[in-house]
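Asker: here's a sequence, model it:
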Amino acid sequence: MTDKPRVFIASTVFGDIARNPLLSTAVRNRIDKAWSDLRQVADVHVFNGRFPEASEIKKQVQDPRTLFVGCHLSHKIDVEWLAGSNVIAVCTATMGFDHVGQAPGLIITHTPGVLNLAVGDYTVALIETALRNTNVLHDRVWSGEWSKTAMPWDLDGDISRSLDGQVLGIVGLGEIGIELARRVQPWKVRILYYDIVRREDAEKQFKMEFCPDMKAVFKEADIVSLHIPLNKHTQGIIDKSLLAEMKDGSLLVNTARGGILNTADLIELLDSGAKKINFATDVYEAEPVHVDVLERFKQIKLKHPELRFVFMPHNASADGNTRGTMAKMLLEDLYWLITSKRLDDLKRCRIIAPQRKALFEDGKEKEYRISKYWQER
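Answerer: Numbering: from 1, shown residues only. Okay, the predicted model is just below:
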């Protein structure tokens with residue numbers, strides 16, 4: 001190959017973010033360097049905007065010249081487009097990668113190890129917001145409802161509960177689950193966790209209790225926080241059978257992926273009054289959340305005003321340096337993939353776990369399209 005390989009990047013945000021004043025100078029400089037490095041080795045085509053239509057993404061992905069793609073969560077890339085394309089790798093500036101089709105031979109990279117701090121913070125914020133009802137109380141003051149006659153101070157007015165003394169259940173003890181456990185240490189919280197792999201080191205460090213059955217977490221915890229990835233095994237896994245185990249007055253928190261929760265089951269339980277579960281979420285099965293879903297929750301709130309709901313717009317990782325670092329990591333992975341010549345060169349790329357195992361442990365690199373790319377360079 002003599003020409004520079006073509007890269008399609010689905011948004012101007014990966015450059016624009018470096019100009020955001022909330023980023024540190026160090027992160028800004030790293031993004032600029034990553035762009036400079038990439039442009040030296042690639043023919044880079046950036047969509048002129050933030051959110052290309054699906055037809056535009058499909059056209060770019062299926063352009064026979066396109067070998068590498070950069071995207072984020074709002075840029076869904078269908079497996080069928082990739083299967084019939086020449087694309088070697090897709091790099092996404094996200095921890096989850098369920099929006100990228102896993103076509104045969106395609107490498108996917110993501111941005112692990114950087115979101116956990118911001119999302120851990122945000123999860124605690126959602127928990128505290130729901131427990132103390134701060135979003136509703138803020139709205140009352142902001143709208144001018146707070147007055148001596150309409151809302152006088154009283155000893156038992158707007159009573160809520162502190163995090164101290166509660167049982168926290170963490171479902172999925174990956175990077176973010178660990179950060180949540182670390183952040184609640186100052187509170188006198190009993191921590192239960194479920195994961196497909198037991199983490200005895202973390203149990204000792206954070207005084208956690210392992211539950212081999214996910215149902216036990218839902219049954220015993222006052223707060224259940226979800227931190228599992230979305231894939232074919234976890235789609236809708238949090239369903240009526242688990243939700244029905246939760247205590248009345250408990251809190252369900254989701255900062256993972258909306259698709260792991262069967263929202264229809266939750267709505268049915270809440271609407272019927274069969275369960276009184278408070279709910280704080282940053283993610284939804286469809287994003288933006290459908291108006292009819294919001295309307296159902298509003299109707300439930302009217303029927304059961306004691307319930308507390310906190311709905312946020314998928315914002316948990318939106319710390320300036322975190323998002324900036326995610327952009328830098330995407331650009332670095334594109335550069336490293338493009339300049340690679342052999343398998344060992346890929347070890348620094350943030351390849352998703354199942355593919356990393358296939359490449360470096362199972363020796364299946366010849367099944368990936370990048371092998372042909374190396375041969376032709």
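Asker: ok, residue 351 touching residue 107?
Answerer: Yes. Contact criterion CB atoms under 8 Å: residue 351 and residue 107 qualify, at 6.0 Å. (C-beta placed from N, C-alpha, C; glycine too.)
Asker: shaky segments in this structure?
Answerer: Scanning the chain for pLDDT under 70 picks out the ranges 1-2.
Asker: quick one, domains of it?
Answerer: Here the domain assignment for the chain is 6-114+319-376, 116-311, based on automatic domain parsing.
Asker: now do the strands in the stretch 1-150 of the chain.
Answerer: 6-9, 43-46, 66-71, 89-92, 107-109 (DSSP state E, counting those that start in this stretch).
Asker: quick one: which of these is nearest residue 21?
Answerer: strand 43-46 (22.2 Å; CB to CB).
Asker: show me what the closest one pairs with in its sheet, parallel or antiparallel.
Answerer: Strand pairing for strand 43-46, using DSSP bridges, gives strand 6-9 (parallel).
Asker: for this structure, what's the longest helix?
Answerer: helix 320-339 (DSSP state H).
Asker: who's in contact with the helix or strand following it?
Answerer: Next helix or strand after helix 320-339 toward the C-terminus (DSSP states H and E): helix 353-360. Applying CB atoms under 8 Å, 6 or more residues apart in numbering, the contact partners of helix 353-360 are 107-108, 343, 346-347, 351, 364-365, 367-368.
Asker: try 7 Å this time
Answerer: Residues from elsewhere that reach helix 353-360 (CB atoms under 7 Å, 6 or more residues apart in numbering): 107-108, 343, 346, 351, 364-365, 368.
Asker: just the buried residues of that helix, please?
Answerer: 355-356, 358-359 (16 or more other CB atoms under 10 Å).
Asker: determine which two of those residues are furthest apart.
Answerer: For the buried residues of helix 353-360, the farthest-apart pair by CB to CB is 356 and 358; their separation is 7.4 Å.
Asker: re earlier: so which of the buried residues of helix 353-360 is the closest to residue 221?
Answerer: Closest to residue 221, out of all of the buried residues of helix 353-360 and judged by CB to CB, is residue 356, at 32.5 Å.
Asker: centroid-nearest residue for the chain?
Answerer: With distances taken as CA atoms, centre = their mean, the residue of the chain nearest its centroid is residue 256 (4.9 Å).
Asker: and that residue, which of the three is it?
Answerer: Secondary structure state of residue 256, per DSSP: H, G, I helix; E, B strand; the rest coil, is coil.
Asker: OK, contacts around it?
Answerer: By CB under 7 Å, 6+ apart, the neighbours of residue 256 are 172, 226-228, 283.
Asker: what about the nearest residue to residue 94 once chain neighbours are set aside, how many neighbours?
Answerer: Using CB to CB, 6 or more residues apart in numbering and skipping residues adjacent in sequence, the residue nearest residue 94 is residue 73, 4.9 Å away. Residue 73 has 19 neighbouring residues, counting by other CB atoms under 10 Å.
Asker: what does residue 62 give?
Answerer: Residues within reach of residue 62, counting by other CB under 10 Å, total 15.
Asker: go on, the one 10 residues further on?
Answerer: Other residues within reach of residue 72, judged by other CB under 10 Å, total 21.
Asker: for it, which non-adjacent residue is closest in space?
Answerer: Using CB to CB, 6+ apart, the nearest residue to residue 72 is residue 93, at 4.5 Å.
Asker: gap between the one you found and residue 30?
Answerer: Distance check for residue 93 against residue 30: by CB to CB, to the nearest Å, it reads 14 Å.
Asker: with residue 214 instead?
Answerer: Residue 214 is 39 Å from residue 30, by CB to CB.
Asker: also residue 40?
Answerer: 16 Å.
Asker: please apply the same query to residue 190.
Answerer: If you measure residue 190 against residue 30 using CB to CB, the figure is 41 Å.
Asker: the two: who's more crowded?
Answerer: residue 30 (20 against 15).
Asker: list the contacts of the more buried one.
Answerer: Counted by CB under 7 Å, 6+ apart, residue 30 has contacts residue 328.
Asker: mind redoing it with 10 Å?
Answerer: 18, 23-24, 324-325, 327-329, 331-332 (CB atoms under 10 Å, 6 or more residues apart in numbering).
Asker: same deal with residue 331?
Answerer: 7, 9, 14-15, 30-39, 44, 70, 91, 93.
Asker: nearest to residue 249, of the contacts of residue 256?
Answerer: residue 226 (18.4 Å).
Asker: bridged to the closest one, which residues?
Answerer: Beta-bridge partners of residue 226, as defined by DSSP bridges: residue 171, residue 254.
Asker: ok, now how distant is it from residue 103?
Answerer: 28 Å.
Asker: which one's more surrounded, those two?
Answerer: residue 226 (25 against 19).
Asker: right, and that one touches residue 174 too?
Answerer: No. Contact criterion CB atoms under 10 Å: residue 226 and residue 174 do not qualify, at 11.3 Å.
Asker: neighbours around the residue lying closest to residue 64 once chain neighbours are set aside, how many?
Answerer: Nearest non-adjacent residue to residue 64, counting by CB to CB, 6+ apart: residue 86, 5.4 Å away. When neighbours are defined as other CB under 10 Å, residue 86 has 18 of them.
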